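# Provided below for reference: sequence and predicted model.
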Amino acid sequence: MPRVGLTPEQVVDHALALIDEQGAEALTLASVATRAGVATPSLYKHVSGGLAELRRLIAVRVTGDLAERLAAAAVGRSGDDAVAAVMRAYHAYATEYPHRYSALPQAPQPDDELAHAAARLVGVIVAVLREYGLEGSEAIHAARTVRSLAHGFAALTTAGAFQLAEDLATTHDRVIATLTTGLRAWPA
């Protein structure tokens, strides 16, 4: 019988706390069980597919959390302001949670729940692009552009790749300005 009060969501909470503290490579069923105060075999009562299922649940949570952050940042904004807010929220999430950000799948997975979370994430980006008159295929091309810039800058930042003395926030502002200029001049 599952431990009273322990849910799959709480198991994911414990796993994310572990990832935040020690990195994704520290994720094992034994380490999560210790944090949750249960024996390792007991985790299978809460996460039946073992470590693979736990990684899937983490990916769903992280993708959904990022989608919520982006949506909250975009509320009440439009055009360049909305794109800038989404880009800043994306970067803030990645730098606040660099280890869990690394658990974010960058390629589609054959999983309905993860696909739904990813669709919400992309949906936020597509929604902020409507102000530029981008629809259909062009909205997808533009969303890929936004995602590429957001992920690339976040991944390089969290990897510590930017070592020169110039202010990183200024560079990010330049990336955003380049993006919004490009969106306003998007080829028809």
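Sure, I can see it. Numbering: from 1, shown residues only.

# now the strands for the chain?
Assigned strands in the chain: none (criterion: DSSP state E).

# And for Val139, the neighbour number?
Just to correct that, residue 139 is Ala rather than Val. 19 (other CB atoms under 10 Å). Every residue, glycine included, has its C-beta placed from N, CA and C.

# Helices along this structure, start to end?
8-22, 29-36, 50-74, 79-96, 98-102, 112-129, 136-158, 168-184 (DSSP state H).

# Let me have those helices in TSV, extended by mean pLDDT and distance to Ser42.
Conversion of those to TSV gives the following (pLDDT from 0 to 100; distance: least, CB to CB, whole Å):
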stretch	mean pLDDT	distance to Ser42
helix 8-22	95	10
helix 29-36	94	7
helix 50-74	95	12
helix 79-96	97	31
helix 98-102	92	24
helix 112-129	94	23
helix 136-158	95	33
helix 168-184	97	44
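
# now those helices in a markdown table, with distance to Leu43?
Converted to a markdown table, those look like this (distance: least, CB to CB, whole Å):
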| stretch | distance to Leu43 |
| --- | --- |
| helix 8-22 | 6 |
| helix 29-36 | 5 |
| helix 50-74 | 8 |
| helix 79-96 | 27 |
| helix 98-102 | 19 |
| helix 112-129 | 19 |
| helix 136-158 | 28 |
| helix 168-184 | 39 |
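
# if we compare these, which one ends up closest to Tyr44?
When these are compared by CB to CB, helix 50-74 sits nearest Tyr44, at 6.5 Å.

# what packs against the closest one?
helix 8-22, helix 29-36, helix 79-96, helix 98-102, helix 112-129 (3 or more CB pairs under 8 Å, 6 or more residues apart in numbering; DSSP states H and E).

# Nearest to Leu164, out of these?
Using CB to CB, the nearest of the helices and strands packed on helix 50-74 to Leu164 is helix 79-96, at 17.5 Å.

# Can you list the buried residues in the closest one?
Buried residues in helix 79-96, counted by 16 or more other CB atoms under 10 Å: 80, 82-91, 93-94.

# With respect to Ala103, which of these is nearest?
Checking the buried residues of helix 79-96 one by one against Ala103 (CB to CB), the nearest turns out to be Ala94, at 11.4 Å.

# Let me know whether the closest one touches Thr158 as I believe.
Yes: the criterion here is CB atoms under 8 Å, and Ala94 meets it with Thr158 at 5.5 Å.

# okay, and the common contacts of those two?
Tyr101 (CB atoms under 8 Å, 6 or more residues apart in numbering).

# Give me the phi and psi for Ser78.
Per-residue torsions, Ser78: phi -150, psi 160 (degrees, to the nearest 10).

# Hmm, Leu129 and it touching each other?
No: the pair Ser78 and Leu129 fails to qualify as a contact (CB under 8 Å) at a distance of 10.6 Å.

# Give me the more crowded residue out of these two.
Leu129 (25 against 13).

# In contact with that one, which residues are there?
Val83, Ala139, Ala142, Ala143, Val146, Leu183.

# try Gln10
Gln10 neighbours (CB under 8 Å, 6+ apart): Ala36, His46.
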